[in-house]
Each structure stands twice: as structure tokens, then as C-alpha cells.
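Peer 1: Need a 3D model of the sequence below.
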Amino acid sequence: MDTRIWCEFAKPLEICDDYILELLKEHEVTLNYRLDYDKDSAGFYKMLEVYNKNDIPVSIWATLSDDMGYWINERNAYNFYDYIKKLLNRIESKGLNIKGLCIDMETPLKDIRRIGSPQNRFDPVIAYSKMLTSNLNKSRFKKSMDILTDTACYIREKGLESYATCIRHSYYDLRFGSELMQNALEIPMFKVPWDKYNLMYYATMIRNEMKRIKKVDVDYLIYHQVSYLKKILKDKLAVSVGVTNIGKLGNEPYYECMDEFEKDIGILKECGVEDFSLFSLDGIMDKIKLKDFLIRMKRAKPQKPELCPRVIRNEALVGYMMNLGKLYYQIRR
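Peer 2: Predicted coordinates:
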């Protein structure tokens, strides 16, 4: 089992306490550390030095500035590629080692905020309308895919791992043979030769998202989709689990019951998932909490949820809409 922990907000030296190092090393955890755009400070390099000395692998979760979109997408792909080349050169010049780079593929921040934290009733309408119109630009999508392919090859040439992550809705492109969802979200993902494809199956957030949809069992929804992803992506599949803490939007629902967390891990193990990344260290900096999460991830037993017919029915409806969407997509330039 390959275990990773994301860290989004903690300062570099805050995660160098002895108990954190000891637990990460004991449980063989890779740290996915978010680095603010162009903020590779002395503290950051000191943290890398400490983790190198303790043989704890670190992958750099490199984000861009908020005005550039924060997460990586087709509109800032070149900025990201240019940035990581400079960043890796600076890390190499200091004689420090990292495991790889985390490429967080998500829609630009301003559009996500329109949906997740709307300022008025029109914000979500604007965001969704944009996805179905101006976002669907095939030439821009292809150009950014080429740039990201060059990025993946560059990372591999450096002897590093590319760990690309995206929201779970991209599943529907793989399921129904499309690139429609990725293009609407502006995140070229599956045709780029990343080493790992990490999908966000944050159960706490999915349950909150699905609570208004009656008769849908989220446990089975996750099992159904992740089983298919494992079949298609095989050992390249990784799954993000959580959440333990709020993220960039500041309103993400997180675990309040550890037994529920352990059950969710068991469902993923039943699907054959072997690469887990927990979001996030920021919410479990307390020694007891961190230890509990890591122990439960390791000890969780595979368990298969009961079949939920509504999940199958709803996916068939999505498939019908995706087929209509593909016809619409064919006439787009």
C-alpha cells in the first residue's frame, strides 16, 4: 500500500516536529507538500533538508498564483511548465531530492468559487454556461494537452514521478469514451502520459453533494466508479481520500466519525486501490489524530457495499446525456 498525505496550508517548519517525522516514517508516508507560487523560501529548503535526512519522500504540489488560476488547467499550462523547470533547477542546485511533482488539474479558481462559494444567484449559472460554451475549444484543449505532455516527459527525464490529480467527474469521460467533461472543465488529463492518475473521491464532500438526491447510496457510488477506474487505469490509479480539513474554498465538510473514515478506506481496498492520498495533514497536526488516521488507513479491511440500483440507473441517464453531449461537441471547433 502506497500512502501519501497532502499538506496545503502548514508552513514548512511547522511540519518538521519530531512526532510528525516519526509517524510519517513509521507508516512509510510520502508528503505531497503545496508550495505557494514562487515562494520557495529558506524555510522550504530547510524542510526539504530535514525530510531528506530522515528519508521521508516529498512530492512538490506546485500551484500557481490565484490570478493565474491557482490549480493547473489549459489556460495556464505553459505558465506551469515554465515555472517547474525553474523550480526544479533551484532545488537541484541546492543538492536536495524530491520524489516528484503533484499536478493538481482543476478548473480556474474564479470559476470554482462561482460554484462552491457563489456571491450571488447568477454565479453558478455563469460558471456552468461557460463550461458548455467558451470552455469547449478543441484547439486550445489540444494545444494545452501537448504542453502538458511535454511537462510529463520533462518530469520523467528528471527521474521524478508525475502525480496528476483531478475531480471525480472526469470518470465519465473514461466510462463513456469522451473528452467532453475534461474539455468543459479545462483539464486535459487522461491522454497526457502522467505516471499516476489520482482522482478525488472525498467521501465527506460527495455525501454533502449527494444529500439532496434521494435513494443514492454514496458507498456504492464510490465502489461502482472506482472499480471501473481500477479496471481501466490499473496500477496507474491513485485515489485521494478525505477530507480532514477545509481546503482552498474554506467550506469543505470533513470527517467527524473515524469509523466512517475506516469504512471508506475499506471500500476502496475492495476495489483494489493500492495508492491512497489523504487530504490533509493540516487538519490532523495533532499527534493523536494523525496517528489514528494512519493506523486506520493501514488496518481497514476490504468491504463491499450493497448494490444500489439508483446508482446504476443514474449512470445510465448520465450516459444518455453524455451521448447527446458528444453530438454537440462534434460541431464545436
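Peer 1: Buried residues in the longest helix along the chain, which are they?
Peer 2: The single longest helix within the chain, with elements called by DSSP state H, is helix 309-330. Using 16 or more other C-beta atoms under 10 Å as the test for burial, helix 309-330 gives Val311, Asn314, Glu315, Val318, Met322, Gly325, Tyr329. Heads up, the C-betas are built off the backbone N, CA and C, glycines and all.
Peer 1: Closest one of these to Lys191?
Peer 2: Tyr329 (15.3 Å; C-beta to C-beta).
Peer 1: okay, the closest residue in space to the closest one that isn't next to it in sequence: pLDDT?
Peer 2: Once flanking residues are discounted, Tyr329 sits nearest to Leu180: 5.1 Å by C-beta to C-beta, 6 or more residues apart in numbering. Reported pLDDT at Leu180 in the predicted model: 95.
Peer 1: Repeat that for Asn323.
Peer 2: With respect to pLDDT, Asn323 scores 93.
Peer 1: For the spatially most central residue of the chain, list the residues it contacts.
Peer 2: In the chain, the residue lying closest to the centroid (C-alpha atoms, centre = their mean) is Thr165, at 3.6 Å. The contact partners of Thr165, taken as C-beta atoms under 8 Å, 6 or more residues apart in numbering, are Cys102, Ile103, Asp104, Met105, Asn198, Leu199, Met200, Ala238, Ser240, Ser277.
Peer 1: Just give me the closest of those to Thr149.
Peer 2: Nearest to Thr149 among these is Ile103, at 11.9 Å by C-beta to C-beta.
Peer 1: Which elements pack onto whichever helix or strand that closest one is part of?
Peer 2: Using DSSP states H and E, Ile103 maps to strand 100-104. In terms of contacts (3 or more C-beta pairs under 8 Å, 6 or more residues apart in numbering; DSSP states H and E), strand 100-104 is packed against strand 58-62, helix 138-157, strand 161-167.
Peer 1: tell me the mean pLDDT over it?
Peer 2: Mean predicted confidence for strand 100-104 is 98.
Peer 1: Pairing partners for that strand, with directions?
Peer 2: Next to strand 100-104 in the sheet, as set by DSSP bridges, lie strand 58-62 (parallel), strand 161-167 (parallel).
Peer 1: Let me have the ones you listed in a markdown table, extended by distance to Ile187.
Peer 2: Below are the strands paired with strand 100-104 laid out as a markdown table (distance: least, C-beta to C-beta, whole Å):
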| stretch | distance to Ile187 |
| --- | --- |
| strand 58-62 | 16 |
| strand 161-167 | 5 |
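Peer 1: Kindly reformat the ones you listed as TSV containing mean pLDDT and distance to Met47.
Peer 2: Shown next, in TSV, are the strands paired with strand 100-104 (pLDDT from 0 to 100; distance: least, C-beta to C-beta, whole Å):
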stretch	mean pLDDT	distance to Met47
strand 58-62	98	8
strand 161-167	98	19
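Peer 1: out of those, deepest packed?
Peer 2: The highest mean neighbour count among the strands paired with strand 100-104, using mean count of other C-beta atoms under 10 Å, belongs to strand 161-167: a mean of 24.
Peer 1: Extract the CA atoms of that one and return them as PDB.
Peer 2: Provided in PDB are the C-alpha atoms of strand 161-167 (Å, rounded to 0.1, in the frame of the first residue of the first chain):
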ATOM      1  CA  GLU A 161       7.200  11.000 -10.700                       C
ATOM      2  CA  SER A 162       4.300  13.000 -12.200                       C
ATOM      3  CA  TYR A 163       1.300  12.600  -9.900                       C
ATOM      4  CA  ALA A 164      -1.700  14.200 -11.600                       C
ATOM      5  CA  THR A 165      -4.900  14.700  -9.800                       C
ATOM      6  CA  CYS A 166      -8.400  15.800 -10.800                       C
ATOM      7  CA  ILE A 167     -12.000  15.800  -9.600                       C
END
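Peer 1: right, and the helix or strand after that strand?
Peer 2: Taking DSSP H and E, what comes next after strand 161-167 is helix 171-176.
Peer 1: For this structure, which segments count as strands?
Peer 2: Using DSSP state E, the strands of the chain run over residues 2-7, 29-35, 58-62, 100-104, 161-167, 196-200, 237-242, 275-279.
Peer 1: which stretch among these comes nearest Asn52?
Peer 2: strand 58-62 (8.0 Å).
Peer 1: The closest one to strand 29-35, inter-axis angle?
Peer 2: Here strand 58-62 points in a direction 30 degrees away from that of strand 29-35 (axes from the mean of the first three to the mean of the last three C-alpha atoms, to 10 degrees).
Peer 1: what's the spacing between the closest residue to Tyr81 other than its chain neighbours and Lys236?
Peer 2: In space, Tyr81 comes closest to Thr151 once its chain neighbours are excluded; the distance is 4.6 Å by C-beta to C-beta, 6+ apart. For Thr151, the distance to Lys236 (C-beta to C-beta, to the nearest Å) stands at 17 Å.
Peer 1: which residues does Gly100 bridge with?
Peer 2: Beta-bridge pairing for Gly100 (DSSP bridges): Ser59, Glu161.
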